[in-house]
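**Q** return atomic coordinates for the entry below.
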Amino acid sequence: MNELEQYKALISEVIKKQIIILGPDIAVLKARNVADLTIDKDGTVTDIKGDPADALEKLIDTYVELSGQIVKNALGSIFTKYPAVAARRATQA
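**A** Residues are numbered from 1 along each chain as shown. Presented below is the predicted three-dimensional model:
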């Protein structure tokens, strides 16, 4: 799986986790507010324009604005499945 596909899968999982927490309407609507992402109705990312790491950060920031630390805690287990992305994210923080 190339890097872009990993980001699509990771961001899709983030959105789907937020669907469970926030409900589908709010979670997908907020994700669609991230201009770099194209998302279908079930929360799957179909395209990322620009830097996928930036898109991921914007999405996380959007969700954190809504529910703070709950989002950060929920995302920890997802990032362990994508060690290359998590390592890149850690070096950018």
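
**Q** ok, so what distance separates residue 1 from residue 81?
**A** 11 Å (CB to CB, to the nearest Å). Quick note: C-beta positions are derived from backbone N, CA and C, even for glycine.

**Q** what are the buried residues along stretch 39-59?
**A** When burial is assessed from 16 or more other CB atoms under 10 Å, stretch 39-59 yields the following buried residues: 39, 43, 44, 45, 48, 52, 55, 56, 58, 59.

**Q** buried set for the lengthiest helix in the chain?
**A** With DSSP state H setting the assignment, residue counts place helix 3-22 as the longest helix in the chain. Taking 16+ other CB under 10 Å as the neighbour-count basis, helix 3-22 is seen to contain the buried residues 6-19, 22.

**Q** list the contacts of the residue most central in space within the chain.
**A** What sits nearest the mean C-alpha location of the chain, by CA atoms, centre = their mean, is residue 11, with 3.3 Å. Listed by CB atoms under 8 Å, 6 or more residues apart in numbering, the contact partners of residue 11 are 31, 37, 45, 48, 52, 55, 56, 59.

**Q** and which of these is nearest residue 87?
**A** For residue 87, the nearest member of those is residue 56. The distance, counting by CB to CB, is 13.3 Å.

**Q** could you give the average pLDDT over stretch 16-23?
**A** Taken as a whole, stretch 16-23 has a mean pLDDT of 90.

**Q** ok, stretch 53-65 next?
**A** 92.

**Q** contacts for that stretch, please.
**A** By CB under 8 Å, 6+ apart, the surrounding residues in contact with stretch 53-65 are 7, 10-11, 14-15, 18, 22, 27, 30-31, 33-34, 36-37, 48-49, 71-72, 75, 85, 88-89, 92.

**Q** swap the cut-off to 6 Å and go again
**A** The set of residues that contact stretch 53-65 without belonging to it, under CB atoms under 6 Å, 6 or more residues apart in numbering, is 11, 18, 30, 34, 36, 37, 48, 71.
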